[in-house]
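[1] Sequence plus predicted model, see below.
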Amino acid sequence: MTDRTKGQIAEMTVLIAGASSGLGLHTARQLSKAGFTVIAGARSFREHEGEDGGMYRLGLDVRDSASVERFVRLAVERFGTPDALICAQGLLNLNAAEEYTDQELNDILDTNFIGSVRLIRQVMPLFREKKQGKIILFSSINGILGIPFQGGYTASKHAIEGYAECLRMEAEPFGVTVCLVTPGDHRSGQKQYRRHGASERPESPYHQRFLRAVSQVEHDESTGSDPDVLGKRIARALRKRRLPGRLLIAKSDQRLAVLLHKLLPIRLFSRIISGYYGQR
């Protein structure tokens, strides 16, 4: 890892999944710049493990229990017990809720939700023994409200929300705090790894509305927030003795949407969101 100035207080050691692209990559880079020891995991790192750009890269497939166990074991062997775990991996597949295949839904949930559970199973015993630890789970605005043609992703983020609430209460007696990071749209290259459902074709009854929704999604991402600011916010949160319960990191209009979701009748809120995504 990068050299530390002699006498400088050592920053914490952080494991981060999903560190090869998107918000996970930006977060890993900002943590490294801030002086944290970062062990970055991603499937694409399997052929190129080792130090790179201030981070230590290890292969990690969160869908494979053996890969998760190896990632944590090698990280502990090289750097000792970690201080924090960040689950930033994500798979987005745009499709009509009706038209997802079983395999597409399984892939989304296995990556976004169950993959995080696999990592937590490995680190919680270490944190309990240490009597402290920090877990950050990437949720999304979609973990709070639904958006047309993101049903699978939204379901996975709702699962993370509920799981994190339970984990927070169960882990607290052992000195472990849990934070949900809730990003809005960010300029982090989502289009490069966003999938479309296999059944999404011109003959689909949803096709034209699907295209309008995707166009709005792409616009919002291209004009979204700076992903490096998100990474810096996470670095500041990790330095606190206790993590906040939630970090909502989004532009003002999306923060307003979260508030309106709480305040408005669901039919009225759904009408507003449907109109925004060209569904009416």
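    That came through fine.
[2] Could you pull out the helices in the stretch 151-280 of the chain for me?
    Per DSSP state H, counting those that start in this stretch, the stretch 151-280 of the chain carries helices over the ranges 151-171, 207-222, 227-239, 252-263, 266-276.
[3] Need those in TSV (columns: mean neighbour count, mean pLDDT and distance to Ile141).
    Where you see a C-beta, it was placed from the backbone N, CA and C, and this is true even at glycine. Formatted as TSV, the helices of the stretch 151-280 of the chain follow (neighbours: other Cβ atoms under 10 Å; pLDDT from 0 to 100; distance: least, Cβ to Cβ, whole Å):
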stretch	mean neighbour count	mean pLDDT	distance to Ile141
helix 151-171	19	98	8
helix 207-222	16	91	10
helix 227-239	18	96	13
helix 252-263	13	95	6
helix 266-276	13	95	11
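[4] mind checking which of these is nearest Arg29?
    Judged by Cβ to Cβ, the one of the helices of the stretch 151-280 of the chain that comes nearest to Arg29 is helix 227-239, at 6.5 Å.
[5] So which other helices or strands are in contact with that closest one?
    Helix 227-239 sits against helix 22-33, strand 133-138, strand 176-183, strand 246-249, with contacts defined as 3 or more Cβ pairs under 8 Å, 6 or more residues apart in numbering; DSSP states H and E.
[6] Need these in a markdown table (columns: mean pLDDT).
    Shown next, in a markdown table, are these (pLDDT from 0 to 100):
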| stretch | mean pLDDT |
| --- | --- |
| helix 22-33 | 95 |
| strand 133-138 | 98 |
| strand 176-183 | 98 |
| strand 246-249 | 96 |
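[7] circling back: as CSV, the helices of the stretch 151-280 of the chain with distance to Ala88 would be great.
    As requested, the helices of the stretch 151-280 of the chain are exported to CSV (distance: least, Cβ to Cβ, whole Å):
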stretch, distance to Ala88
helix 151-171, 11
helix 207-222, 17
helix 227-239, 9
helix 252-263, 19
helix 266-276, 26
